[in-house]
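**Student:** no FASTA, just this:
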Ligand SMILES: NC(=O)c1ccc[n+]([C@@H]2O[C@H](COP(=O)([O-])OP(=O)(O)OC[C@H]3O[C@@H](n4cnc5c(N)ncnc54)[C@H](O)[C@@H]3O)[C@@H](O)[C@H]2O)c1
(Lines give C-alpha, C1' and ligand atoms only; values in the text may rest on other atoms or scores of the structure.)
Protein backbone atom coordinates (compact mmCIF):
# COMPACT_ATOMS: atom_id res chain seq x y z
CA UNK A 1 0.00 0.00 0.00
CA UNK A 2 1.37 3.49 -0.83
CA UNK A 3 2.37 5.45 2.25
CA UNK A 4 0.10 8.36 3.23
CA UNK A 5 1.82 11.68 2.47
CA UNK A 6 1.56 14.16 5.34
CA UNK A 7 0.28 17.63 4.55
CA UNK A 8 3.36 19.79 4.08
CA UNK A 9 3.29 23.59 3.96
CA UNK A 10 6.28 25.22 2.31
CA UNK A 11 6.92 28.92 2.84
CA UNK A 12 8.91 30.72 0.15
CA UNK A 13 8.00 27.91 -2.26
CA UNK A 14 8.15 30.25 -5.26
CA UNK A 15 11.77 31.16 -4.50
CA UNK A 16 14.96 29.54 -5.81
CA UNK A 17 15.37 26.86 -3.13
CA UNK A 18 11.74 26.52 -2.06
CA UNK A 19 10.61 25.78 -5.63
CA UNK A 20 13.32 23.13 -6.04
CA UNK A 21 12.06 21.54 -2.81
CA UNK A 22 8.42 21.58 -3.96
CA UNK A 23 9.43 19.94 -7.25
CA UNK A 24 11.43 17.28 -5.42
CA UNK A 25 8.47 16.48 -3.16
CA UNK A 26 6.11 16.25 -6.11
CA UNK A 27 8.52 14.10 -8.11
CA UNK A 28 8.84 11.69 -5.19
CA UNK A 29 5.08 11.42 -4.68
CA UNK A 30 4.28 8.91 -7.41
CA UNK A 31 0.90 7.28 -8.01
CA UNK A 32 -1.18 10.29 -7.04
CA UNK A 33 -3.05 12.20 -9.71
CA UNK A 34 -3.92 15.86 -9.57
CA UNK A 35 -3.30 17.96 -6.46
CA UNK A 36 -1.00 16.59 -3.76
CA UNK A 37 -1.04 17.53 -0.06
CA UNK A 38 1.51 20.30 -0.61
CA UNK A 39 0.72 23.91 0.20
CA UNK A 40 2.92 26.78 -0.92
CA UNK A 41 2.81 30.12 0.88
CA UNK A 42 4.71 32.95 -0.77
CA UNK A 43 4.32 36.72 -0.89
CA UNK A 44 5.89 36.81 -4.38
CA UNK A 45 8.40 39.54 -3.67
CA UNK A 46 10.86 40.53 -6.43
CA UNK A 47 12.58 37.15 -5.72
CA UNK A 48 9.46 34.98 -5.90
CA UNK A 49 8.25 33.71 -9.26
CA UNK A 50 5.65 31.04 -9.99
CA UNK A 51 7.33 30.37 -13.36
CA UNK A 52 9.73 28.23 -11.37
CA UNK A 53 6.82 25.91 -10.58
CA UNK A 54 5.19 25.88 -14.00
CA UNK A 55 6.22 22.26 -14.67
CA UNK A 56 4.26 21.08 -11.60
CA UNK A 57 1.33 23.51 -11.49
CA UNK A 58 -1.97 22.01 -10.35
CA UNK A 59 -0.02 19.57 -8.16
CA UNK A 60 0.01 21.90 -5.15
CA UNK A 61 -2.11 24.61 -3.54
CA UNK A 62 -0.84 28.16 -3.61
CA UNK A 63 -1.50 31.08 -1.27
CA UNK A 64 -0.09 34.50 -2.03
CA UNK A 65 0.43 35.43 1.60
CA UNK A 66 2.92 37.50 3.60
CA UNK A 67 4.30 35.52 6.55
CA UNK A 68 4.33 38.77 8.53
CA UNK A 69 0.54 38.98 8.27
CA UNK A 70 -0.77 37.01 11.27
CA UNK A 71 -4.39 37.10 10.12
CA UNK A 72 -3.56 35.69 6.68
CA UNK A 73 -1.24 33.05 8.12
CA UNK A 74 -3.91 32.03 10.63
CA UNK A 75 -6.51 31.61 7.91
CA UNK A 76 -4.18 29.38 5.82
CA UNK A 77 -3.35 27.22 8.87
CA UNK A 78 -7.02 26.98 9.85
CA UNK A 79 -8.01 25.86 6.37
CA UNK A 80 -5.08 23.61 5.51
CA UNK A 81 -4.11 22.16 8.90
CA UNK A 82 -0.51 21.38 7.86
CA UNK A 83 1.30 18.59 9.70
CA UNK A 84 4.78 19.68 8.63
CA UNK A 85 6.00 23.21 7.85
CA UNK A 86 9.25 23.81 5.95
CA UNK A 87 10.22 27.46 6.24
CA UNK A 88 12.27 28.87 3.35
CA UNK A 89 10.62 32.31 3.02
CA UNK A 90 13.08 35.10 3.66
CA UNK A 91 14.77 38.15 2.27
CA UNK A 92 17.91 36.37 1.13
CA UNK A 93 20.40 38.73 -0.49
CA UNK A 94 23.27 40.08 1.61
CA UNK A 95 23.90 43.14 -0.59
CA UNK A 96 20.28 44.27 -0.27
CA UNK A 97 20.49 43.87 3.52
CA UNK A 98 23.54 46.13 3.59
CA UNK A 99 21.57 48.75 1.60
CA UNK A 100 18.51 48.50 3.89
CA UNK A 101 18.12 46.08 6.80
CA UNK A 102 14.50 46.90 7.64
CA UNK A 103 12.63 44.33 5.56
CA UNK A 104 15.21 41.67 6.55
CA UNK A 105 14.41 42.10 10.23
CA UNK A 106 10.69 42.19 9.48
CA UNK A 107 10.42 39.13 7.23
CA UNK A 108 13.22 36.98 8.60
CA UNK A 109 12.69 37.62 12.33
CA UNK A 110 9.10 38.82 12.82
CA UNK A 111 7.78 36.60 10.00
CA UNK A 112 9.44 33.55 11.56
CA UNK A 113 7.96 34.39 14.96
CA UNK A 114 4.46 34.72 13.48
CA UNK A 115 4.89 31.42 11.69
CA UNK A 116 6.17 29.43 14.67
CA UNK A 117 3.40 30.83 16.88
CA UNK A 118 0.86 29.67 14.27
CA UNK A 119 2.57 26.24 14.22
CA UNK A 120 2.15 25.99 17.99
CA UNK A 121 -1.50 27.11 17.90
CA UNK A 122 -2.43 24.66 15.17
CA UNK A 123 -0.44 21.70 16.54
CA UNK A 124 2.06 21.34 13.66
CA UNK A 125 4.00 18.10 14.24
CA UNK A 126 7.30 19.20 12.70
CA UNK A 127 8.77 22.59 11.80
CA UNK A 128 11.88 22.74 9.63
CA UNK A 129 13.71 26.07 9.65
CA UNK A 130 16.07 26.75 6.76
CA UNK A 131 18.84 28.76 8.39
CA UNK A 132 22.25 29.45 6.81
CA UNK A 133 26.00 28.91 7.25
CA UNK A 134 26.31 32.71 7.53
CA UNK A 135 25.11 32.60 11.16
CA UNK A 136 28.58 31.35 12.20
CA UNK A 137 30.45 34.22 10.56
CA UNK A 138 33.84 33.84 8.93
CA UNK A 139 36.65 31.39 9.60
CA UNK A 140 40.16 31.02 8.24
CA UNK A 141 40.97 27.38 9.09
CA UNK A 142 38.88 24.31 9.83
CA UNK A 143 35.14 23.86 9.54
CA UNK A 144 32.14 24.93 11.59
CA UNK A 145 30.29 22.21 13.49
CA UNK A 146 26.66 22.73 14.54
CA UNK A 147 27.67 23.80 18.07
CA UNK A 148 29.96 26.65 16.92
CA UNK A 149 29.20 30.15 18.25
CA UNK A 150 27.20 32.63 16.21
CA UNK A 151 29.16 35.62 14.88
CA UNK A 152 27.12 36.97 11.97
CA UNK A 153 28.70 39.86 10.06
CA UNK A 154 25.96 41.43 7.92
CA UNK A 155 22.30 42.37 8.50
CA UNK A 156 21.03 39.35 6.52
CA UNK A 157 23.13 36.95 8.59
CA UNK A 158 22.04 38.67 11.82
CA UNK A 159 18.36 38.34 10.87
CA UNK A 160 18.80 34.65 10.08
CA UNK A 161 20.78 34.06 13.28
CA UNK A 162 18.11 35.81 15.34
CA UNK A 163 15.35 33.63 13.89
CA UNK A 164 17.55 30.54 14.34
CA UNK A 165 17.97 31.42 18.05
CA UNK A 166 14.24 32.09 18.37
CA UNK A 167 13.46 28.63 17.01
CA UNK A 168 16.02 27.15 19.43
CA UNK A 169 14.37 29.02 22.32
CA UNK A 170 10.94 27.61 21.35
CA UNK A 171 12.42 24.11 21.29
CA UNK A 172 13.75 24.61 24.83
CA UNK A 173 10.83 26.53 26.30
CA UNK A 174 7.86 24.76 24.70
CA UNK A 175 9.35 21.52 23.38
CA UNK A 176 8.51 22.97 19.98
CA UNK A 177 9.13 20.16 17.44
CA UNK A 178 11.63 22.00 15.27
CA UNK A 179 14.67 20.98 13.26
CA UNK A 180 17.17 23.60 12.07
CA UNK A 181 19.12 23.19 8.83
CA UNK A 182 22.13 25.37 7.96
CA UNK A 183 23.08 24.98 4.29
CA UNK A 184 26.12 26.49 2.61
CA UNK A 185 25.93 28.65 -0.57
CA UNK A 186 23.49 27.11 -3.03
CA UNK A 187 23.65 27.50 -6.80
CA UNK A 188 21.77 26.01 -9.73
CA UNK A 189 18.84 26.54 -12.09
CA UNK A 190 16.29 29.27 -11.32
CA UNK A 191 18.51 31.24 -8.93
CA UNK A 192 17.65 34.93 -9.01
CA UNK A 193 20.49 36.59 -10.94
CA UNK A 194 21.61 38.80 -8.04
CA UNK A 195 23.73 36.03 -6.47
CA UNK A 196 27.36 35.54 -7.54
CA UNK A 197 27.12 32.58 -9.97
CA UNK A 198 23.76 33.46 -11.53
CA UNK A 199 24.73 37.13 -11.82
CA UNK A 200 28.01 36.13 -13.48
CA UNK A 201 26.15 34.02 -16.04
CA UNK A 202 23.69 36.82 -16.79
CA UNK A 203 26.47 39.39 -17.23
CA UNK A 204 28.36 37.12 -19.64
CA UNK A 205 25.18 36.35 -21.61
CA UNK A 206 24.81 40.12 -21.98
CA UNK A 207 28.34 40.37 -23.37
CA UNK A 208 29.76 41.76 -20.11
CA UNK A 209 32.15 40.57 -17.40
CA UNK A 210 31.73 38.67 -14.12
CA UNK A 211 31.88 41.19 -11.26
CA UNK A 212 34.25 40.09 -8.49
CA UNK A 213 34.34 41.69 -5.05
CA UNK A 214 37.70 42.86 -3.65
CA UNK A 215 40.64 40.64 -4.61
CA UNK A 216 38.38 37.64 -5.33
CA UNK A 217 40.07 35.53 -2.66
CA UNK A 218 36.96 35.00 -0.50
CA UNK A 219 36.13 31.30 -0.25
CA UNK A 220 32.67 29.77 -0.47
CA UNK A 221 31.56 26.15 -0.16
CA UNK A 222 29.21 25.63 -3.10
CA UNK A 223 26.27 23.26 -2.87
CA UNK A 224 24.22 22.30 -5.93
CA UNK A 225 20.60 23.08 -5.17
CA UNK A 226 19.24 19.56 -5.87
CA UNK A 227 21.83 18.07 -3.50
CA UNK A 228 20.69 20.51 -0.83
CA UNK A 229 17.03 19.62 -1.40
CA UNK A 230 17.76 15.89 -1.05
CA UNK A 231 19.40 16.71 2.27
CA UNK A 232 16.48 18.83 3.45
CA UNK A 233 13.97 16.11 2.46
CA UNK A 234 16.01 13.45 4.34
CA UNK A 235 16.23 15.62 7.45
CA UNK A 236 12.52 16.49 7.27
CA UNK A 237 11.64 12.79 7.15
CA UNK A 238 14.20 11.22 9.45
CA UNK A 239 16.13 13.95 11.24
CA UNK A 240 15.88 14.19 15.01
CA UNK A 241 13.52 16.84 16.34
CA UNK A 242 15.31 19.51 18.37
CA UNK A 243 18.56 19.03 16.42
CA UNK A 244 20.59 21.23 14.08
CA UNK A 245 22.13 19.91 10.85
CA UNK A 246 24.76 21.54 8.65
CA UNK A 247 24.52 20.87 4.91
CA UNK A 248 27.81 21.79 3.27
CA UNK A 249 28.74 21.55 -0.38
CA UNK A 250 31.63 19.79 -2.07
CA UNK A 251 33.07 22.72 -3.91
CA UNK A 252 35.17 24.94 -1.63
CA UNK A 253 36.50 27.54 -4.01
CA UNK A 254 37.93 31.08 -4.05
CA UNK A 255 35.57 33.43 -5.88
CA UNK A 256 38.23 34.15 -8.48
CA UNK A 257 38.62 30.44 -9.21
CA UNK A 258 34.84 30.03 -9.37
CA UNK A 259 34.65 32.90 -11.86
CA UNK A 260 37.40 31.36 -14.02
CA UNK A 261 35.72 27.95 -13.94
CA UNK A 262 32.40 29.51 -14.85
CA UNK A 263 33.97 31.36 -17.78
CA UNK A 264 35.50 28.09 -18.98
CA UNK A 265 32.14 26.33 -18.80
CA UNK A 266 30.56 29.27 -20.63
CA UNK A 267 33.27 28.97 -23.28
CA UNK A 268 34.46 32.57 -23.04
CA UNK A 269 37.80 34.22 -22.36
CA UNK A 270 39.20 33.98 -18.78
CA UNK A 271 39.72 37.75 -19.03
CA UNK A 272 35.98 38.43 -18.71
CA UNK A 273 36.32 39.37 -15.03
CA UNK A 274 35.82 42.81 -13.52
CA UNK A 275 37.09 43.61 -10.02
CA UNK A 276 34.65 45.81 -8.11
CA UNK A 277 34.76 47.49 -4.70
CA UNK A 278 34.54 44.90 -1.92
CA UNK A 279 31.28 44.17 -0.12
CA UNK A 280 31.11 45.74 3.35
CA UNK A 281 31.85 43.19 6.09
CA UNK A 282 32.67 40.58 3.43
CA UNK A 283 33.43 37.26 5.21
CA UNK A 284 36.69 35.73 3.99
CA UNK A 285 35.60 32.09 4.19
CA UNK A 286 32.67 29.87 5.14
CA UNK A 287 33.03 26.14 5.55
CA UNK A 288 30.72 23.64 7.14
CA UNK A 289 31.41 20.27 8.73
CA UNK A 290 28.52 18.06 7.52
CA UNK A 291 29.64 14.85 9.22
CA UNK A 292 26.58 14.80 11.51
CA UNK A 293 24.02 14.51 8.70
CA UNK A 294 26.25 11.93 6.97
CA UNK A 295 26.57 9.85 10.14
CA UNK A 296 22.86 9.97 10.98
CA UNK A 297 21.19 9.99 7.58
CA UNK A 298 23.87 9.09 5.05
CA UNK A 299 23.58 12.42 3.23
CA UNK A 300 26.49 13.99 1.44
CA UNK A 301 26.69 16.28 -1.55
CA UNK A 302 27.07 14.32 -4.78
CA UNK A 303 27.13 16.83 -7.61
CA UNK A 304 30.71 17.92 -8.33
CA UNK A 305 31.35 21.64 -8.77
CA UNK A 306 32.18 21.49 -12.48
CA UNK A 307 29.22 19.19 -13.12
CA UNK A 308 26.92 21.55 -11.18
CA UNK A 309 28.21 24.58 -13.07
CA UNK A 310 27.61 22.80 -16.38
CA UNK A 311 24.04 21.94 -15.36
CA UNK A 312 23.47 25.54 -14.29
CA UNK A 313 24.89 27.00 -17.50
CA UNK A 314 22.91 24.55 -19.67
CA UNK A 315 19.75 25.59 -17.87
CA UNK A 316 20.65 29.30 -18.22
CA UNK A 317 21.18 28.97 -21.96
CA UNK A 318 17.69 27.55 -22.25
CA UNK A 319 16.13 30.18 -19.97
CA UNK A 320 17.82 33.35 -21.15
CA UNK A 321 14.50 35.17 -21.46
CA UNK A 322 13.68 34.56 -17.82
CA UNK A 323 17.14 35.64 -16.65
CA UNK A 324 17.14 38.76 -18.82
CA UNK A 325 13.65 39.71 -17.61
CA UNK A 326 15.31 40.41 -14.22
CA UNK A 327 17.88 42.80 -15.74
CA UNK A 328 16.10 46.09 -14.95
CA UNK A 329 16.00 45.13 -11.26
CA UNK A 330 19.62 43.91 -11.27
CA UNK A 331 20.85 47.08 -12.99
CA UNK A 332 19.04 49.17 -10.37
CA UNK A 333 20.67 47.13 -7.57
CA UNK A 334 24.19 47.33 -9.02
CA UNK A 335 24.13 50.76 -10.66
N1 LIG B 1 20.50 30.68 -1.59
C2 LIG B 1 21.41 30.26 -0.73
O3 LIG B 1 22.59 30.10 -1.10
C4 LIG B 1 21.05 29.96 0.70
C5 LIG B 1 22.02 29.32 1.52
C6 LIG B 1 21.66 29.00 2.84
C7 LIG B 1 20.40 29.32 3.31
N8 LIG B 1 19.49 29.95 2.50
C9 LIG B 1 18.16 30.23 3.03
O10 LIG B 1 17.25 29.44 2.26
C11 LIG B 1 16.00 30.12 2.12
C12 LIG B 1 15.63 30.24 0.67
O13 LIG B 1 16.65 30.95 -0.03
P14 LIG B 1 16.48 31.27 -1.58
O15 LIG B 1 17.84 31.44 -2.13
O16 LIG B 1 15.55 30.34 -2.19
O17 LIG B 1 15.79 32.71 -1.50
P18 LIG B 1 14.93 33.48 -2.59
O19 LIG B 1 15.18 34.93 -2.32
O20 LIG B 1 15.18 32.94 -3.95
O21 LIG B 1 13.43 33.11 -2.22
C22 LIG B 1 12.77 33.63 -1.09
C23 LIG B 1 11.27 33.43 -1.28
O24 LIG B 1 10.62 33.91 -0.11
C25 LIG B 1 9.51 34.71 -0.51
N26 LIG B 1 9.25 35.70 0.52
C27 LIG B 1 10.02 36.76 0.89
N28 LIG B 1 9.42 37.48 1.85
C29 LIG B 1 8.26 36.86 2.12
C30 LIG B 1 7.19 37.12 3.04
N31 LIG B 1 7.22 38.19 3.85
N32 LIG B 1 6.14 36.29 3.05
C33 LIG B 1 6.07 35.20 2.23
N34 LIG B 1 7.05 34.92 1.33
C35 LIG B 1 8.13 35.74 1.28
C36 LIG B 1 9.93 35.34 -1.82
O37 LIG B 1 8.83 35.77 -2.59
C38 LIG B 1 10.71 34.20 -2.47
O39 LIG B 1 9.86 33.37 -3.22
C40 LIG B 1 16.17 31.46 2.82
O41 LIG B 1 15.64 31.34 4.12
C42 LIG B 1 17.68 31.66 2.88
O43 LIG B 1 18.04 32.44 3.99
C44 LIG B 1 19.80 30.28 1.21
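**Tutor:** Sure thing, it's come through. What you see is a predicted model, and the numbers here were worked out from it, not measured in a lab.
**Student:** from now on I want contacts and neighbour counts done on CA atoms only, so please keep to that.
**Tutor:** Noted.
**Student:** now do stretch 207-214: distance to the chain's middle.
**Tutor:** Mean-position distance between stretch 207-214 and its chain equals 23 Å (C-alpha atoms, centre = their mean, to the nearest Å).
**Student:** okay, buried residues for it please.
**Tutor:** Of the residues in stretch 207-214, those buried by neighbour count under the rule 16 or more other C-alpha atoms under 10 Å are 209-213.
**Student:** how about the strands in the stretch 101-250 of the chain?
**Tutor:** For the stretch 101-250 of the chain, applying DSSP state E, counting those that start in this stretch gives strands covering 126-130, 178-183, 186-187, 210-213, 219-224, 244-247.
**Student:** out of the buried residues of stretch 207-214, the closest to residue 189 would be?
**Tutor:** Here the nearest of the buried residues of stretch 207-214 to residue 189, counting by C-alpha to C-alpha, is residue 210; it sits at 17.8 Å.
**Student:** quick check: the closest one vs residue 19, distance?
**Tutor:** To residue 19, residue 210 is 26 Å away according to C-alpha to C-alpha, to the nearest Å.
**Student:** and for residue 50?
**Tutor:** When C-alpha to C-alpha is the yardstick, residue 50 and residue 19 sit 8 Å from each other.
**Student:** next, count neighbours for residue 165.
**Tutor:** In terms of burial, residue 165 registers 16 neighbours under the definition other C-alpha atoms under 10 Å.
**Student:** same question but for residue 40, I mixed them up
**Tutor:** For residue 40, the count of nearby residues is 22 (other C-alpha under 10 Å).
**Student:** for residue 147, same thing?
**Tutor:** Taking other C-alpha under 10 Å as the definition, residue 147 ends up with a neighbour count of 9.
**Student:** next one: the one 10 residues further on
**Tutor:** For residue 157, the tally of surrounding residues (other C-alpha under 10 Å) stands at 26.
**Student:** and residue 91, by the same measure?
**Tutor:** Neighbourhood size, residue 91 [other C-alpha under 10 Å]: 22.
**Student:** in contact with the residue lying closest to it once chain neighbours are set aside, which residues are there?
**Tutor:** Take residue 91 and drop its neighbours on the chain: the residue closest to it by C-alpha to C-alpha, 6 or more residues apart in numbering is residue 104, 5.6 Å away. Under the criterion of C-alpha atoms under 8 Å, 6 or more residues apart in numbering, the neighbours of residue 104 are 90-91, 97, 155-156, 159.
**Student:** what of residue 300?
**Tutor:** Residues near residue 300 by C-alpha under 8 Å, 6+ apart: 227, 231, 247, 290, 293-294.
**Student:** and these, which is closest to the ligand?
**Tutor:** Closest approach between the contacts of residue 300 and the ligand, by C-alpha to the nearest ligand atom: residue 247, at 8.9 Å.
**Student:** pretty sure the closest one sits against residue 180.
**Tutor:** No - using C-alpha atoms under 8 Å, residue 247 and residue 180 do not qualify as a contacting pair, with a distance of 10.6 Å.
**Student:** tell me how many other residues crowd residue 318.
**Tutor:** When counting by other C-alpha under 10 Å, one arrives at 10 neighbours for residue 318.
**Student:** how near is it to the ligand?
**Tutor:** Residue 318 sits 19 Å away from the ligand when distances are taken as C-alpha to the nearest ligand atom, to the nearest Å.
**Student:** per-residue confidence for that residue?
**Tutor:** Predicted confidence (pLDDT) for residue 318: 98.
**Student:** pipe the strands of the stretch 101-250 of the chain into CSV and attach distance to the ligand and mean pLDDT per row.
**Tutor:** Shown next, in CSV, are these (distance: least, C-alpha to the nearest ligand atom, whole Å; pLDDT from 0 to 100):
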stretch, distance to the ligand, mean pLDDT
strand 126-130, 5, 98
strand 178-183, 5, 98
strand 186-187, 4, 98
strand 210-213, 17, 93
strand 219-224, 8, 95
strand 244-247, 9, 98
